[in-house]
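Chemist: Dropping a prediction and its sequence here:
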Amino acid sequence: MVVVVIIGILAAIAIPNFMALKNRANEASVKENIHTVQIIVEDFHIRADNMFPGDLTTTIIVANSAYTGPEPDMAVALQPKPMYGPNSMMGDNVRNPFNPGNDALMDGLPVLIANPTGIIGYEASNTIGDDPLSGVPWTEAPSGPAMMYRISGLGIKGIILTVCQVGAK
């Protein structure tokens, strides 16, 4: 009887710690995905002559009509979850760590109640004076070129605003 009680106490301590560890690992995966999206957006920026994509499906040739390099029809991601598409710069290893069946990417700011945990949001703006950190104000750019962007991920407790990159042509 004493052994069963001791095992029960150990399980009561170990299971919550395991769940917390799993959530921290998933949050770290969200941050890694944010960084991956940032690298791809910066690659797009270089190819598109210092312009960022207005949304995830904006192609290089749309952002920079004078582009003469290879693969002008490349975009960051053509759909919100893997397989992102043949003309996507995003690798299929970027998945929603909390639920791999859910979308991993979206245009716009993720909202805790409306969007699945683990999703990465991309926002772009052409409005000088928009505040990339607070987002107040923030005027979403249409598909096409953009002057600045921000990337945020949705963790267990809310938004993870890890990346804030501003650029101008």
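Modeler: Here it is on my side, so go on.
Chemist: can you give me the mean pLDDT across the longest helix along the chain?
Modeler: Longest helix of the chain, by residue count under DSSP state H: helix 2-47. What helix 2-47 shows for mean pLDDT is 90.
Chemist: residue contacts, the residue lying closest to D49 once chain neighbours are set aside?
Modeler: Distance criterion CB to CB, 6 or more residues apart in numbering; nearest residue to D49, sequence neighbours excluded, is N64 at 4.5 Å. The way it works is simple: take the backbone N, C-alpha and C, and place the C-beta from them, glycine included. Going by CB atoms under 8 Å, 6 or more residues apart in numbering, N64 touches R47, A48, D49, M51, P145.
Chemist: For the first one, give me its contacts.
Modeler: Residues near R47 by CB under 8 Å, 6+ apart: I60, N64, Y67, G69, M74.
Chemist: residue contacts, the fourth one?
Modeler: Under the criterion of CB under 8 Å, 6+ apart, the contact list for G69 reads R47, I60.
Chemist: same thing but at 6 Å, please
Modeler: Under the criterion of CB atoms under 6 Å, 6 or more residues apart in numbering, the contact list for G69 is empty.
Chemist: where's it relative to I60, distance?
Modeler: According to CB to CB, to the nearest Å, G69 stands 8 Å off from I60.
Chemist: min pLDDT across the contacts of R47, which one?
Modeler: Within those, the minimum per-residue pLDDT falls on G69 (86).
Chemist: My reading is that it is in a helix; is that accurate?
Modeler: No: assigned with DSSP: H, G, I helix; E, B strand; the rest coil, G69 falls outside any helix and is coil.
Chemist: The most centrally placed residue in the chain bridge partners, please.
Modeler: By CA atoms, centre = their mean, the chain has its centre lying nearest to I120, at 2.8 Å. Beta-bridge pairing for I120 (DSSP bridges): L105, G153.
Chemist: Give the buried residues for stretch 81-95.
Modeler: For stretch 81-95, burial by neighbour count (16 or more other CB atoms under 10 Å) applies to K81, P82, Y84, S88, M89, M90, V94, R95.
Chemist: could I have that stretch exported to CSV, CA atoms only?
Modeler: Presented in CSV, the C-alpha positions along stretch 81-95 are these (Å, rounded to 0.1, in the frame of the first residue of the first chain):
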residue,chain,number,x,y,z
LYS,A,81,0.4,24.5,-44.3
PRO,A,82,2.9,22.0,-45.8
MET,A,83,3.2,21.2,-48.7
TYR,A,84,3.5,24.9,-49.4
GLY,A,85,3.6,24.6,-53.1
PRO,A,86,6.2,24.2,-55.9
ASN,A,87,7.0,27.9,-56.1
SER,A,88,7.2,28.4,-52.4
MET,A,89,10.5,29.5,-50.7
MET,A,90,9.2,27.9,-47.5
GLY,A,91,10.5,24.5,-46.7
ASP,A,92,7.9,21.8,-45.8
ASN,A,93,9.6,21.3,-42.4
VAL,A,94,7.8,24.4,-41.0
ARG,A,95,4.8,22.9,-39.2
